[in-house]
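Participant: with the sequence up front, the predicted model follows.
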Amino acid sequence: MADPAPDSPRRPFNILVSSAGRRVVLARLFRAALAELGLVGEVCAADASPLSAAYTEADRHFLVPRCTDAEFIPELLERCVEHDIHLIVPTIDTELPVFAEARDAFASIGTTIAVSGPTTVGIAQDKQLTHRWLVGAELPTVAQWTAAEAPDDPSVYPLIAKPRLGSSSIGVRTLTSPTDLAPLRSHDYVVEQIAPGHEHTIDVYVNRSGSLITAVPRRRLETRGGEVSKGMTIAHEGLIGLAARVVRSLEDCCGMLNFQCFVDPDTERLAIIELNARFGGGFPLSDAAGAHVPRWMIEDLIGLPSSAGAGGFQDGLVMLRFDDAVFTTRDALGPGVL
Ligand SMILES: Nc1ncnc2c1ncn2[C@@H]1O[C@H](COP(=O)(O)OP(=O)(O)O)[C@@H](O)[C@H]1O
Ligand SMILES: [Mg+2]
C-alpha cells in the first residue's frame, strides 16, 4: 500500500469497499473496526449495479463503471475526493491489476488502496504465472501443463483443467481421460494433477512494512459457487510455516492475501494450487477466530500501535454460513433500475 497524504486530525476515516457485491459482512467488519477504535468515518460501497446487498447496506454508495472500463479509475478518483475516502478495499480479482497500477494516483489524493504491487497481483491473476512462481520459489505444488501440452497418456488421468485467467471456480472441470481434454486443447486453460487430501485457504495479512502479521489456515468443509460455505480454522504448523515462505517469495505483497493449499492426511504432503491477492469470501471466519485485519489495517494506516499481538487465533472454530438479505425499495434504487 502506498503512503496516505498527510492527515488532518479531523479527517473522517471513510472506507470504500469496491465491487461491493455480496460483501456485507466485510463492510460490517470495517464499520465495527472504526467503532472499536473510536474513529469517525463511514463505510461506503462502489459497484457497477445498485442491485447489490453490500451497496444497499453501506452508509453511502455510488455507482462506477466496470473495473475493466477505461473510465473506472478516473471516475473513482473523483468519487474518492468527493467522499473523502481514506482507504479502498478491493474485493474481486479483475480489479486488482487496475488498482495495483493506480496506487500512486490515489495516494496523491490521500487515498490508500489495500492492494499488493503489480508483481504479486500479476502472479495471482494468471494460473500459469502462479505455477511458475511456486516452482521458482521451491514451494510445494502439483505438476501443471497448458491445455495444448497436457499429456495424452491415459494412465496419468484423472487431471483437473481450469481457465488460466479464471476465478470463482468457473470453468473448472475434472478430465477423466485424454478424450475429455480434446475440446479444451485450443482454449486458454491450464491442466494440473489433482492434489489429494483436504483443501485449505490460508488467510495472510502483511502490514505496510512488509511484515507478516497473521496466517490463519481454514479447512474448506463445503463450498457453494466457488466460495466456502462451511469452514474450520486449523492451527496447522506446516501451513502457518508455509505462509511465511509464501510472503518472503512475493517481493511486493501487502495487505490481505490468501492461498489455497491441499494437505494429504496420509503423507502430510502439501500442495499449493492458487494465490488470491485480496480478502477471500471466507475471511469472516478468520476475523471471528481473532484475526481482526480490518482493525489492524486501519491502525497501520494512521500510525496507531498495532493491537495484532502475536498473530494467534482460535483453533477449531467452525463457520456455518447462511443466506441473509438486506431490503431496499424500487424508489431508493433510483429511476430506471427496476
Ligand atoms: N490441482 C488441483 N487439485 C485439486 N483440486 C483443484 C486443483 N486445482 C483446482 N482445484 C479445485 O478447483 C477449485 C477452483 O480452482 P482455483 O485454482 O482455486 O481457481 P479459481 O480462481 O477459479 O478459484 C479449487 O478451490 C479446488 O477445489
Ligand atoms: Mg480459488
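Facilitator: Yes, it's here. Ligands and ions are numbered 1, 2, ... in the order given.
Participant: all helices for the stretch 51-200 of the chain, in order.
Facilitator: Taking DSSP state H, counting those that start in this stretch to define them, one finds helices in the stretch 51-200 of the chain at 53-57, 72-82, 96-101, 103-107, 118-125, 127-136, 178-181.
Participant: excluding its backbone neighbours, what's nearest residue 270?
Facilitator: residue 140 (4.6 Å; C-beta to C-beta, 6 or more residues apart in numbering). Heads up, the C-betas are built off the backbone N, CA and C, glycines and all.
Participant: per-residue pLDDT, that neighbour?
Facilitator: On the pLDDT scale, residue 140 is placed at 98.
Participant: so who does it touch?
Facilitator: Listed by C-beta atoms under 8 Å, 6 or more residues apart in numbering, the contact set of residue 140 reads 134, 242, 261, 269-272.
Participant: same check on residue 95?
Facilitator: Contacts of residue 95 by C-beta under 8 Å, 6+ apart are 18-19, 67, 72.
Participant: quick check, nearest of those residues to ligand 1?
Facilitator: When the contacts of residue 95 are compared for distance to ligand 1 (C-beta to the nearest ligand atom), residue 19 wins out at 15.7 Å.
Participant: which residue, other than its chain neighbours, is closest to the closest one?
Facilitator: In space, not counting the residues next to it along the chain, residue 19 is nearest to residue 92; the distance is 4.5 Å by C-beta to C-beta, 6+ apart.
Participant: tally of neighbours for that neighbour?
Facilitator: Neighbourhood size, residue 92 [other C-beta atoms under 10 Å]: 15.
Participant: try residue 158
Facilitator: Neighbour tally, residue 158, other C-beta under 10 Å: 11.
Participant: again with residue 62
Facilitator: Other residues close to residue 62 by other C-beta under 10 Å number 18.
Participant: mind listing the residues bridging to it?
Facilitator: Applying DSSP bridges to residue 62 gives these bridge partners: residue 46.
Participant: wait, isn't it in contact with residue 80?
Facilitator: No: counting by C-beta atoms under 8 Å, residue 62 does not reach residue 80; the two are 10.2 Å apart.
Participant: break this protein down into its structural domains.
Facilitator: With domains defined by automatic domain parsing, the chain comprises 14-114, 121-125+196-320, 143-193.
Participant: format these as JSON lines; extra columns: mean pLDDT.
Facilitator: As requested, the domains of the chain are exported to JSON lines (pLDDT from 0 to 100):
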{"stretch": "domain 14-114", "mean pLDDT": "97"}
{"stretch": "domain 121-125+196-320", "mean pLDDT": "96"}
{"stretch": "domain 143-193", "mean pLDDT": "96"}
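Participant: among those, which is nearest residue 329?
Facilitator: Of all the domains of the chain, it is domain 14-114 that lies closest to residue 329, at 9.9 Å by C-beta to C-beta.
Participant: stretch 164-179 spans what distance, first to last residue?
Facilitator: 20 Å (C-alpha to C-alpha, to the nearest Å).
Participant: what does it contact?
Facilitator: For stretch 164-179, contacts defined as C-beta under 8 Å, 6+ apart pick out 92-94, 125-128, 146, 151-154, 157-163, 180-181, 184, 188-191, 194, 223, 225-227.
Participant: distance from that stretch to the middle of the chain?
Facilitator: 21 Å (C-alpha atoms, centre = their mean, to the nearest Å).
Participant: okay, buried residues for that stretch please.
Facilitator: Under the neighbour-count criterion of 16 or more other C-beta atoms under 10 Å, stretch 164-179 has 164, 166-167, 175, 178 buried.
Participant: hmm, that stretch touching ligand 1?
Facilitator: Yes: using C-beta under 6 Å from any ligand atom, we find that stretch 164-179 touches ligand 1 at 166-169, 172.
Participant: got the phi and psi for the most centrally placed residue in the chain?
Facilitator: The centroid of the chain falls nearest to residue 278 when counting by C-alpha atoms, centre = their mean (2.4 Å). With angles defined as degrees, to the nearest 10, residue 278 sits at phi -160, psi 180.
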